[in-house]
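Chemist: Just to be clear, the model below is a prediction. Sequence and coordinates:
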Amino acid sequence: MKEVQETAEKIRTMEIRGAGRIAKAAAEVIRDYAAGLEAASIEEFAAGITEVSNYLISTRPTAVSLPNAVKLSSRYSSDNVENARKEVINNANLFIERADKALGRIGKIGAGRVQDGDVIMTHCNSHAALSIITTAFEDGKNISVIATESRPRRQGLLTVRRLNGFGIPTTLIVDSAVRYYMKDVDKVIVGADAIAANGALVNKIGTSQLALAAHEARKSFMVAAETFKFSPSTILGIPIEIEERSTDEVVDPSVLAELPHVQVKNPAFDFTPSEYIDMIVTDIGIIPPAMAYIVIKEHLGWEFEEI
Ligand SMILES: O=P(O)(O)OC[C@H]1O[C@H](OP(=O)(O)O)[C@H](O)[C@@H]1O
């Protein structure tokens, strides 16, 4: 349980972050927990797995990759403890392998849509979006990137560091400069924390302003998302919860203490409606947002089994 608590804490504090990374970390820790779980009966085994699953899921509410990873990893059908244990270990390993492969496939497929000479704008720090950008560059395309700072956690700095490592010409801008620079952009590529059944995107706060500015300037808006970022529960009418993080991330508490009439809000994500999205690059190919329902049904359809 100690390892589970440590991983959960790292996810909560964002030491482990990025929707895909969170999912992989959860799968790894469930696998290790199942491997060492002492259970005299299948009921005890089930209770342990359920407790750990719920605990991990509670760390961050928005990235659907987390509950999807937990669900895919912790499945078993046997009523024998040793066999159930093997099933969980195997399912978690399969998920991890699939997640790694997905990033490579998204990179390859998405890079096909990047043209030589493209200026690409990206937001926050998405491993999936970066996979497309770096693959296109390694394919020999002469591209450059405009990366937003992504307040308040400034994950844009991680992005520019990574792009710099590849030698990709990159410009760092503050979030409020997005519309000012959109005229210079050919396409926007962002990641996803969740995609709803109606094709709406949930991603880092500010993503919808990139989409709006891209729409206004008639620039293409591309989302890079593994199939495990699609949200099955949205089919059942359960909305995606937007994480509200500590106000300390926005303003120093000592400053706020002197301002009794001021409140601070810190939503970590926003919604981008599907009409602003040109395509979603997934590990099973490029799809229009209207196909989100099919992806959920064919790749993650357990909610239907449970009804
Ligand atoms: O899975 P990958 O593509 O890496 O990232 C997907 C998204 O996860 C991040 O969330 P946070 O920084 O963990 O809050 C960003 O919103 C990013 O676009």
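Modeler: Thanks, I have it.
Chemist: How about R162, nearest residue that isn't a chain neighbour?
Modeler: Using CB to CB, 6 or more residues apart in numbering and skipping the chain neighbours, the partner closest in space to R162 is L130 (6.0 Å). The way it works is simple: take the backbone N, C-alpha and C, and place the C-beta from them, glycine included.
Chemist: no wait, T62
Modeler: Nearest non-adjacent residue to T62 (CB to CB, 6+ apart): E243, at 4.6 Å.
Chemist: isn't there a helix covering the residue nearest to R162?
Modeler: Yes - L130 forms part of a helix when assessed by DSSP: H, G, I helix; E, B strand; the rest coil.
Chemist: tell me the contacts of it?
Modeler: With contacts defined as CB atoms under 8 Å, 6 or more residues apart in numbering, the neighbours of L130 are T122, T159, R162, L163.
Chemist: so how far is E44 from it?
Modeler: In this view, L130 and E44 are 43 Å apart by CB to CB, to the nearest Å.
Chemist: what does R151 give?
Modeler: Distance of R151 to E44, given as CB to CB: 46 Å.
Chemist: out of the two, which sits in the more crowded spot?
Modeler: R151 (17 against 13; other CB atoms under 10 Å).
Chemist: which of the contacts of L130 has the most neighbours?
Modeler: With neighbours set by other CB under 10 Å, the maximum within these is found at T122, which has 28 neighbours.
Chemist: That one is in contact with V190, isn't it?
Modeler: Yes - using CB atoms under 8 Å, T122 makes contact with V190 at a distance of 6.2 Å.
Chemist: Now do the shared contacts for those two.
Modeler: A129.
Chemist: So which residues on the stretch 1-150 of the chain come close to the ligand?
Modeler: Selection of the stretch 1-150 of the chain residues close to the ligand by CB under 6 Å from any ligand atom yields R17, G18, A19, G20, R21, C124, S126, H127, A128.
Chemist: and the residues you listed as a markdown table, adding pLDDT, secondary structure and neighbour count?
Modeler: Converted to a markdown table, those look like this (pLDDT from 0 to 100; DSSP: H, G, I helix; E, B strand; the rest coil; neighbours: other CB atoms under 10 Å):
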| residue | pLDDT | secondary structure | neighbour count |
| --- | --- | --- | --- |
| R17 | 96 | coil | 19 |
| G18 | 95 | coil | 22 |
| A19 | 94 | helix | 29 |
| G20 | 95 | helix | 28 |
| R21 | 97 | helix | 16 |
| C124 | 98 | coil | 28 |
| S126 | 98 | coil | 27 |
| H127 | 97 | helix | 21 |
| A128 | 98 | helix | 26 |
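Chemist: who touches E241 in this structure?
Modeler: For E241, the contacting residues are P61, T62, taking CB under 8 Å, 6+ apart as the criterion.
Chemist: Around the residue lying closest to I42 once chain neighbours are set aside, how many other residues sit close by?
Modeler: Using CB to CB, 6+ apart and skipping the chain neighbours, the partner closest in space to I42 is D79 (4.8 Å). A count of nearby residues for D79, using other CB under 10 Å, gives 12.
Chemist: Same question for A147.
Modeler: A147 is flanked by 27 other residues according to other CB under 10 Å.
Chemist: for whatever helix or strand it lives in, what is the average pLDDT?
Modeler: Element membership for A147, per DSSP states H and E: strand 144-148. Confidence over strand 144-148 (mean pLDDT, whole number) is 98.
Chemist: Which parts of the stretch 201-307 of the chain are strands?
Modeler: Chain-ordered strands for the stretch 201-307 of the chain, with DSSP state E, counting those that start in this stretch as the definition, fall at 201-204, 220-224, 269-272, 279-282, 285-287.
Chemist: what sits against the nearest residue to A196 once chain neighbours are set aside?
Modeler: What sits nearest to A196 in space, not counting adjacent residues and going by CB to CB, 6+ apart, is T234, at 4.2 Å. With contacts defined as CB under 8 Å, 6+ apart, T234 is in contact with A196, A197, N198, I240, I296.
Chemist: Show me where the chain dips below the pLDDT cut-off.
Modeler: Across the chain, the stretches falling below the confidence threshold (pLDDT under 70) are 301-307.
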